[in-house]
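[1] build me a structure from this.
(2 chains)
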Amino acid sequence: MRKYVPKDNVQKKAYYTDRFHVVPRVPREKVIDTHFEATVFNLGDYVKDSYIEIGQLVVHIDASENFAVLKILKEQCGYTQCSEQSAVDYLAKDGEFELFWQMLNVNEAKRVRVVCRLKEGLAIESVEPLFKSANFAEREMFDMFGIKVNNHPFLKRILMPDDWEGHPLLKTYPLFGDEFASWYEVDKIFGKEYRDIIGPENRDPGKIDIEDTKRFSRVGYEVPFGTEYNADEEVDIAYSETALVNYNKKTSKQLDERR
Amino acid sequence: MQVPNKLTPFFENLNFERDDNTMVINFGPQHPSAHGQLRLVLELDGEQVVKAYPDIGYLHRGIEKMAENMTYNEFLPTTDRLDYIASTSNNYAYALAVEKLLDIEAPRRAQAIRTMLLELNRIISHLFFIATHALDVGAMSVFLYAFREREFAMDLMEDYCGARLTHSAVRIGGVPLDLPANWLENLAAFCDKVDYEVEHTYEALLTENRIWKMRLEDVGVISAEDALNWGCTGPMLRGSGVKWDIRKEEPYELYSELDFDIPVSDRCDSYGRYRLYMEEMKQSTRILRQLIPLYKETEPQLMAHAPQYISAPKEEIMTQNYALMQHFVLVTQGMRPPRGEVYVPTESPKGELGFYIKSEGDPYAYRLKCRAPSFFHTGLLQKLLVGTYLADVVTIIGTTNIVFGEVDR
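    Numbering: from 1, shown residues only, chains lettered A, B, ... in the order given. From the prediction side, this is the model:
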């Protein structure tokens, strides 16, 4: 039977985990009697959950209320900068994204992270009217995760090319790219029919092609540039570290077995 | 629309038949003043910019994706490639974020070395800024002088870690090496050199220079409100009169014990920012001088003692069985931090460099987001360039001090 490989999360996994390993959690502290109390009080019923994790306030809200919450934070609590906003892919586990906005209050040196969960396929309201920095950040989020943003003035891919397929930071997207990614340049420049002629991209920087006399030379058996490779020709070298080794043929049995 | 034929070929950049007589031009990605791979699509009315659209992504390597597929220690050298002008700042920001997640603290000697390296990198980055900025504006000699001093700073980095650009000079939990012999003497000499050159070369050449002032004064003006709104940090924010430096406000390492000033300019223009960079270099040498005696008072321990996460020193690994076993597990499997999330900001030479790490308890980060200052400064170009003249575009790109390793990641 073929080995089962999960399709919903193709990122690298630990090859060994102790059966009795219990993952501890970073301690979460209560907000009461800290200098974040006023912020949580101002947000009122919008707050679903709030705690302090590693010195910063974390506020969980409803995905539909993100604009209202950030407006209160900006206008009433003095959080005048949105340092960062992005998403975390929890589609495999919960079928949702976790979105976060990292807010900064310059006058009081306080940081708040506003967190919400967004179901797959739903769109989030843009906070660009409040914080212009969200312009680029939301475009990057759309590019990397495919999360649509309502009322964004120019929602377009930002890092990947406009005609790209797929969203690279999803857990379903492999690290080395999918089929589309590996043929992107060939398809775009030459056309799909040239895939066979050009062949797949070589991603091994150490690959040696013994038949290629244009880019490689064999020590002790140098031939003119571009000469056709002839395997029958004898190599009469008494001793060489490299010339007598066929790099393309796997000779080590032990190595093969281990693979 | 254009109807291309043999006599009138297709012009990609030009739009001839428009009522308002504007012209669309491509600035970059191969333009030498575009600081790497920035493509700016500018809509011009005469020589005035009507609309600017920064197109980025030419250096996108998927560093955040790589972080999800590498153990925490494996990823550290990759952070060199973010802001490749001052790589130790990136190494440090990442290492600090992981340390906060693990709740460990580097020993005092490591802290002193790290602070020195950070400030040295700030000087390297600022020297690079003044060199390229002056070159863009047309002052060739400043470029040559600034690169001379930058070379000395890179020699110091090379003495310490062996690399000139991709340092990886910081580890999670401390630093790998102690300072080599004579390094502190060289550093003190370098500080004197920088102080002298800043005052007698760069400032003497530029500050009162008529051409320099004409090209920089009232160019790239951004108000404090806009700077906050567009996510500006670092010198871009301080150049607009907001006194915000993470080294002072949310101090890390030894910054709380050091005596230094935060220069602020309320000119809001490129000239004010240039003065700020000069002043920051002087403050950096002031910090470095204070660090030399602080370093000498410290104990020789370099890495934090946290056997669950960090390998023991080499002597222990080679002599003690249990230390070797733990080292083996940490190397083959990687450390497993607790479940949780952390966002740690640091003041890199360009601005606020922060790492958001979401850990699910695996040896691989579940999500890593790098908050790069240059990314938001590039976004600001959409606003900053509108209404300026084409000749000032180069000045404004120079004054934002963007590095594309960090914009595209």
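[2] nearest residue to the closest residue to chain B within the stretch 51-200 of chain A in space, please, no chain neighbours.
    Closest contact between the stretch 51-200 of chain A and chain B, by C-beta to the nearest C-beta, is at A:Ser133 (2.8 Å). Glycine gets a C-beta too; all of them are placed from N, C-alpha and C. Counting by C-beta to C-beta, 6 or more residues apart in numbering or on different chains, A:Ser133 lies nearest to B:Gly231, which is 2.8 Å off, once chain neighbours are set aside.
[3] gap between the residue of the stretch 51-200 of chain A closest to chain B and A:Val31?
    In this view, A:Ser133 and A:Val31 are 26 Å apart by C-beta to C-beta, to the nearest Å.
[4] enumerate the residues of the stretch 301-409 of chain B near chain A.
    With C-beta under 8 Å from any C-beta of the partner chain as the criterion, the stretch 301-409 of chain B meets chain A at residues B:333-334, B:336, B:338-345, B:352, B:354, B:356, B:358, B:360-364, B:366-367, B:369, B:371, B:375-376, B:378-379, B:382-383, B:408-409.
[5] B:Ala86 contacts B:Ser125, doesn't it?
    Yes - at 4.0 Å, B:Ala86 and B:Ser125 qualify as touching, with contact defined as C-beta atoms under 8 Å.
[6] ok, and what's touching stretch B:207-221?
    Residues from elsewhere that reach stretch B:207-221 (C-beta atoms under 8 Å, 6 or more residues apart in numbering or on different chains): B:134, B:137-139, B:206, B:268-271, B:273-275, B:278, B:384, B:388, B:392, B:395-396, B:399-400.
[7] in it, what counts as buried?
    For stretch B:207-221, a neighbour-count test (16 or more other C-beta atoms under 10 Å in any protein chain shown) marks B:209, B:212, B:215-216, B:219-221 as buried.
[8] with stretch B:265-273 instead?
    Within stretch B:265-273, the residues that qualify as buried are B:265, B:267-273, counting by 16+ other C-beta under 10 Å.
[9] over to stretch A:139-156?
    Residues of stretch A:139-156 classed as buried: A:139-147, A:149, A:152, A:155 (neighbour count, 16+ other C-beta under 10 Å).
[10] could you give the mean pLDDT of it?
    For stretch A:139-156, the per-residue pLDDT values average out at 91.
[11] quick one: pLDDT of A:Ala87?
    The model reports A:Ala87 with a pLDDT of 93.
[12] so which helix or strand takes in it?
    Using DSSP states H and E, A:Ala87 sits in strand A:81-90.
[13] other SSEs contacting that strand?
    In terms of contacts (3 or more C-beta pairs under 8 Å, 6 or more residues apart in numbering or on different chains; DSSP states H and E), strand A:81-90 is packed against strand A:96-105, strand A:110-119, helix A:134-145, strand B:351-359, strand B:367-371.
[14] can you list these in TSV and add distance to B:Gln283?
    Converted to TSV, these look like this (distance: least, C-beta to C-beta, whole Å):
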stretch	distance to B:Gln283
strand A:96-105	23
strand A:110-119	25
helix A:134-145	30
strand B:351-359	16
strand B:367-371	24
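[15] count the residues that sit near the residue of the stretch 101-250 of chain B found nearest chain A.
    With C-beta to the nearest C-beta, the shortest gap between the stretch 101-250 of chain B and chain A falls at B:Gly231, namely 2.8 Å. Residues within reach of B:Gly231, counting by other C-beta atoms under 10 Å in any protein chain shown, total 30.
[16] let me see the domain layout of chain A.
    Per the record, chain A has its domains at A:28-170, A:174-201, A:205-259, by automatic domain parsing.
[17] now do the helices in the stretch 1-150 of chain B.
    Applying DSSP state H, counting those that start in this stretch to the stretch 1-150 of chain B gives helices spanning B:63-68, B:72-75, B:87-102, B:108-137, B:140-161.
[18] which residues of the stretch 151-259 of chain A fall in helices?
    Secondary structure of the stretch 151-259 of chain A (DSSP H, counting those that start in this stretch): helices located at A:179-182, A:184-189, A:195-198, A:253-258.
[19] let's test this: mean pLDDT of the third one, rounded?
    Same thing as helix A:195-198. If you average the pLDDT values across helix A:195-198, you get 88.
[20] for that helix, what is the distance to the chain centroid?
    29 Å (C-alpha atoms, centre = their mean, to the nearest Å).
[21] packing partners for it?
    Under the contact definition 3+ C-beta pairs under 8 Å, 6+ apart, helix A:195-198 sits against helix A:184-189.
[22] buried ones in the helix it packs on, by neighbour count?
    A:184, A:186.
[23] how about the helix or strand just after the strand holding A:Ala87, does it reach chain B?
    Scanning forward in sequence from strand A:81-90 by DSSP H and E, the next helix or strand is helix A:91-94. No - using C-beta under 8 Å from any C-beta, helix A:91-94 never reaches chain B; the gap is at least 9.3 Å.
[24] would you put the C-alpha positions of helix A:91-94 in CSV?
    In CSV, the C-alpha atoms belonging to helix A:91-94 read as follows (Å, rounded to 0.1, in the frame of the first residue of the first chain):
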residue,chain,number,x,y,z
LEU,A,91,-7.7,25.5,7.4
ALA,A,92,-6.5,21.9,8.0
LYS,A,93,-7.5,21.9,11.7
ASP,A,94,-10.5,24.2,12.0
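[25] all strands of chain B, in order?
    Using DSSP state E, the strands of chain B run over B:23-27, B:39-45, B:48-55, B:340-348, B:351-359, B:367-371.
[26] for A:Lys12, find the nearest of those.
    Across the strands of chain B, A:Lys12 has its closest neighbour in strand B:367-371 (13.2 Å, C-beta to C-beta).
[27] partner strands of that closest one, parallel or antiparallel?
    strand B:351-359 (antiparallel) (DSSP bridges).
[28] show me which residues of the stretch 1-150 of chain A are close to chain B?
    Residues of the stretch 1-150 of chain A found near chain B (C-beta under 8 Å from any C-beta) are A:11-16, A:21, A:23-26, A:53-54, A:56, A:58, A:80-84, A:86, A:88-89, A:100, A:102, A:106, A:109, A:111, A:113, A:131-133, A:135-137, A:140, A:144.
[29] ChimeraX command to pick out the buried ones of those?
    Buried residues within the residues of the stretch 1-150 of chain A next to chain B, by 16+ other C-beta under 10 Å, are selected in ChimeraX with:
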select /A:11,26,53,54,56,58,80,81,82,83,84,86,88,89,100,102,106,111,113,131,132,133,135,136,137,140,144
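[30] against A:Cys77, how distant is the closest residue to A:Asn151 other than its chain neighbours?
    Distances taken as C-beta to C-beta, 6+ apart put A:Ser126 closest to A:Asn151, at 4.7 Å, once the chain neighbours are dropped. From A:Ser126 over to A:Cys77 the distance is 20 Å, taken as C-beta to C-beta.
[31] list the helices and strands the worst-scoring helix or strand of chain B on mean pLDDT packs on?
    Taking mean pLDDT, DSSP states H and E as the measure, strand B:23-27 is the helix or strand of chain B with the lowest mean score, a mean of 84. In terms of contacts (3+ C-beta pairs under 8 Å, 6+ apart), strand B:23-27 is packed against strand B:39-45.
[32] hang on, the earlier thing: pick the most buried one from the helices of the stretch 1-150 of chain B.
    With neighbours defined as mean count of other C-beta atoms under 10 Å in any protein chain shown, these peak in mean count at helix B:87-102, which reaches a mean of 26.
[33] ok, the closest residue to B:Ala163 other than its chain neighbours to A:Arg117 distance?
    The shortest distance from B:Ala163 to any non-neighbouring residue, by C-beta to C-beta, 6+ apart, is to B:Met157 (7.1 Å). Applying C-beta to C-beta, the value for B:Met157 to A:Arg117 is 44 Å.
[34] again with B:Pro235
    For B:Pro235, the distance to A:Arg117 equals 37 Å [C-beta to C-beta].
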